[in-house]
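Enquirer: 3D, please:
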Amino acid sequence: MPYPNTLEKLLRFFKKASRKYPQLPPPTNQPQKPISFVVVRFSDDYLHNILKSECLKNPINELLTVDNTRNLYHDNLTTAMAVGISKARHELIAVVHEDVLLPDGWQSWFEITLEALEIVDPNWGVLGAVGWTNDNEVFGHWSDPHRYVNTFSGKRFHSIDRLDEQILIFNRDRTLDLDRDLPGFHHIGRDIPLLARRRGMRVYAIDAPTIHKYADQNGNTIHSRKDSPKLVHRETLTYKAERACCNEYIMHKWPQLQIQDYEPPELTLPDGDKALGHQLDKPVILLARGGSGSRLLSTLGQDIGLFLGNVLSDSGDSLEMVLPMYQGIIEKHLCKAGWQKQQTVPRLRTAAANMLLKRHTTGPWGFKLPESVLLLPEIRTAFPQARFLHMVRDPLTVCLRRTHMTARLDNSIGRISLPLAYDCIGRPRKMILEDSPAMHMAYTTIHQLEFVANQLAEMSSNCWMQIRFEDIIKQPAACVEQTRCWLGLTRVKNRLERVIDPKRIHKPKVIYPPDVAEKAKNVLYSLRMDYGYILR
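Expert: The predicted model follows:
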């Protein structure tokens, strides 16, 4: 029937028409002021946004692309920006996000605006297309998936206190020393105006319109928030953990700032009974490589009476410990300030204390999060009498299944753990972009299991026990009994045998070609031998 197709086309048309873009008049003069455009490339958004801007094709300008694909080469955005700025040869330097499209006629329009501004303030500090005053009043001219805004009528600039980082324009003779310790990519637009003000310079939002997030990395036009993977990603816990680290850094540096989503870190134990501190010292921590079937490990723990949290994921992860754990990983590997790294241990203890105070049961407790293997030294410090139950599974089986987040570049934790693994085995980071997902799993598995082994080797033998996934499948009752005896607990449930699903075990959702499987097998040979999956 033609009607549904017609209706679908109409819906697509109205959806496309719903986003408004800046429309500039045809330029009366060719641009006269050359610009060095600095772009930090993170993804293929670069190809379908900034690279399609008309002004970048003008031979009077310069394009300086800093390759930081998935943050492989620079820990934070300011460091990458500084690299590009240092190479700029023109007086005007525009640092533009890769997902910004500058509309046709942008440079001529910008020059008119700049001329008007320099009559009033020839020594301006930094310019942007969007900014806010301290009263949170917004000024600018831009289009993004949320809205189209143009606050300028008559006057084409306004002094502001905070800039949106989508475009930052500097004069080379007045560039600022960017803070290379600022973690992540948040709050650069708060930091830079304050640095400029320290030097007696003002910061402006100007009429130099941008189209922010015009298309995604596949070239699909973005019409609304849900069309943008980057905006959707903001709802994830890894994003929120990275944002929290950035919030804490900028508030420590500039205490006078007001940030809407800033929450002071919980670093002191809440009021509770006198036994709370003693309980906190000795959890049972369940360790397993993510993607190895750790759901069964969580079920085993609950069967013998371990309290693993008030809120568990479908995989049995202790969700109350996720954000502090993720923040700790980010602080350890990305945050350069010593005071920030020191927050990890007290934050872990405070989160655990809050979890225990909310529980409706008594007795032994612990938690299970696959990512905790990346933070074992800090966990051992936070919980000095902890015992560790480590589950291993044939590494080859693990690596030829669906990938775990620590082996993907689509999240903040994976963007730490993958390069970390490649660095540790001496493989160039650029190979991450060429290797298959199976090899990502292989190299991160080698790194994580070796790291766990080294940590366990430092502990007394009665502080840890190792069990096999395969034994849990074949003899669940025996594994439960072995663990119960080791911990001196009483079995209170009998769920493990019921939740084992042979079909799920033997039918992975991902099947790799034989050559990929063979390569993974070769890479994992020594590790499998160490754990007894290959006889010596």
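Enquirer: Can you pull out the low-pLDDT segments for the protein?
Expert: Segments of the chain classed as low confidence (criterion: pLDDT under 70) are 1-17, 271-274, 504, 536.
Enquirer: Need the residue closest to the centroid of it.
Expert: Central residue of the chain (C-alpha atoms, centre = their mean): Ser412, 2.3 Å from the mean position.
Enquirer: Quick check: that one is in a strand.
Expert: No - counting by DSSP: H, G, I helix; E, B strand; the rest coil, Ser412 falls outside a strand, being coil.
Enquirer: can I assume it is in contact with Leu323?
Expert: No - the criterion here is C-beta atoms under 8 Å, and Ser412 misses it with Leu323 at 11.8 Å. Just so you know, the C-beta spots here come from the backbone N, C-alpha and C atoms, and that holds for glycine as well.
Enquirer: what sits in contact with each of these two?
Expert: Common contacts of Ser412 and Leu323 (C-beta atoms under 8 Å, 6 or more residues apart in numbering): Ala241.
Enquirer: domains for the chain, by residue range?
Expert: According to automatic domain parsing, the chain comprises the domains 18-228, 276-530.
Enquirer: Now Ile446: closest residue in space, sequence neighbours ignored.
Expert: Leu527 (5.5 Å; C-beta to C-beta, 6 or more residues apart in numbering).
Enquirer: So which bits of the helix or strand harbouring that neighbour are buried?
Expert: For Leu527, the host element (DSSP states H and E) is helix 525-530. Applying a neighbour-count criterion of 16 or more other C-beta atoms under 10 Å, one finds Leu527 buried in helix 525-530.
Enquirer: So what touches that helix?
Expert: 394-396, 445-446, 449-450, 453, 534, 536.
Enquirer: same thing but 7 Å
Expert: Contact with helix 525-530 is made by 394-396, 446, 449, 534, 536, as judged by C-beta atoms under 7 Å, 6 or more residues apart in numbering.
Enquirer: So which of those residues is surrounded by the most neighbours?
Expert: Pro395 (25 neighbours; other C-beta atoms under 10 Å).
Enquirer: does Thr490 really touch Leu306, like I thought?
Expert: No - the pair Thr490 and Leu306 does not pass the contact test of C-beta atoms under 7 Å, sitting 11.3 Å apart.
Enquirer: These two: who's more crowded?
Expert: Leu306 (24 against 9).
Enquirer: could you measure the residue nearest to the centre of the chain against Ala116, distance?
Expert: Distance from Ser412 to Ala116, counting by C-beta to C-beta, to the nearest Å: 41 Å.
Enquirer: Checking Leu127 next. Helix, strand or coil?
Expert: Under three-state DSSP, Leu127 comes out as strand.
Enquirer: Grab the nearest non-local neighbour of it.
Expert: Here the residue nearest Leu127, using C-beta to C-beta, 6+ apart, is Ile169, at 4.0 Å.
Enquirer: Provide the strand pairings for the host helix or strand of the one you found, with the direction of each partner.
Expert: Element membership of Ile169 [criterion: DSSP H and E] is strand 167-171. Take DSSP bridges as the rule and strand 167-171 pairs in its sheet with strand 92-97 (antiparallel), strand 126-128 (antiparallel).
Enquirer: C-terminal to that strand, which secondary structure element comes first?
Expert: helix 188-198.
Enquirer: by contact count, what packs against whichever helix or strand comes after that following helix?
Expert: Next helix or strand after helix 188-198 toward the C-terminus (DSSP H and E): strand 203-206. Secondary-structure packing of strand 203-206 (3 or more C-beta pairs under 7 Å, 6 or more residues apart in numbering; DSSP states H and E): helix 106-120, strand 126-128, strand 157-159.
Enquirer: And the contacts of the second one?
Expert: For strand 126-128, contacts defined as C-beta under 7 Å, 6+ apart pick out 163-164, 167-170, 192-193, 196, 203-206.
Enquirer: still on that earlier bit, any chance of the helices and strands packed on strand 203-206 in CSV, with mean neighbour count and distance to Cys245 too?
Expert: Listed next are the helices and strands packed on strand 203-206 as CSV, based on neighbours: other C-beta atoms under 10 Å; distance: least, C-beta to C-beta, whole Å:
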stretch, mean neighbour count, distance to Cys245
helix 106-120, 18, 34
strand 126-128, 26, 24
strand 157-159, 18, 30
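Enquirer: Can I get these in TSV including distance to Leu496?
Expert: Listed next are the helices and strands packed on strand 203-206 as TSV, based on distance: least, C-beta to C-beta, whole Å:
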stretch	distance to Leu496
helix 106-120	63
strand 126-128	57
strand 157-159	64
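Enquirer: do you know which of these lies nearest Cys463?
Expert: Cys463 sits nearest to strand 126-128 of all those, at 53.9 Å, using C-beta to C-beta.
Enquirer: what number of residues lie near Pro377?
Expert: 15.
Enquirer: ok, now how distant is Asn218 from Val232?
Expert: For Asn218 relative to Val232 (C-beta to C-beta), the value is 14 Å.
Enquirer: ok, residues contacting stretch 166-179?
Expert: For stretch 166-179, the external contacting residues (C-beta under 7 Å, 6+ apart) are 78, 81-82, 85, 88, 91-97, 100, 125-130, 191-192, 195-196, 201, 210, 212.
Enquirer: Dump it to PDB, keeping only the CA atoms.
Expert: Extracted as PDB, the C-alpha positions of stretch 166-179 are listed here (Å, rounded to 0.1, in the frame of the first residue of the first chain):
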ATOM      1  CA  GLN A 166      32.400  24.300  20.500                       C
ATOM      2  CA  ILE A 167      34.500  27.200  19.100                       C
ATOM      3  CA  LEU A 168      37.100  29.200  20.900                       C
ATOM      4  CA  ILE A 169      38.900  32.000  19.100                       C
ATOM      5  CA  PHE A 170      42.300  33.400  20.200                       C
ATOM      6  CA  ASN A 171      44.700  36.000  19.100                       C
ATOM      7  CA  ARG A 172      48.100  34.400  18.900                       C
ATOM      8  CA  ASP A 173      49.800  37.300  20.700                       C
ATOM      9  CA  ARG A 174      47.400  36.900  23.600                       C
ATOM     10  CA  THR A 175      46.900  33.100  23.800                       C
ATOM     11  CA  LEU A 176      46.600  31.600  27.300                       C
ATOM     12  CA  ASP A 177      48.500  28.900  29.000                       C
ATOM     13  CA  LEU A 178      45.900  26.100  28.900                       C
ATOM     14  CA  ASP A 179      45.600  24.000  32.000                       C
END
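Enquirer: Distance from the chain centre to that stretch, please.
Expert: 25 Å (C-alpha atoms, centre = their mean, to the nearest Å).
Enquirer: Only the buried residues of that stretch, if you could.
Expert: For stretch 166-179, the buried set under the neighbour-count rule, 16+ other C-beta under 10 Å, comprises 166-171, 176, 178-179.
Enquirer: just stretch 308-325 next, same as before
Expert: Residues 308-310, 312, 315-325 are the ones in stretch 308-325 that count as buried (16+ other C-beta under 10 Å).
Enquirer: Which residues are in contact with Leu389?
Expert: 284, 286-287, 465, 467, 483.
Enquirer: in what helix or strand does it lie?
Expert: strand 387-392.
Enquirer: before we move on, the earlier item: among the contacts of helix 525-530, which are in strands?
Expert: Assigned to strands by DSSP state E, none of the contacts of helix 525-530 qualify.
Enquirer: Next, format the residues you listed as TSV and append distance to Asp45.
Expert: Output for the contacts of helix 525-530, formatted as TSV (distance: C-beta to C-beta, whole Å):
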residue	distance to Asp45
Asp394	39
Pro395	35
Leu396	36
Ile446	32
Leu449	35
Ile534	44
Arg536	49
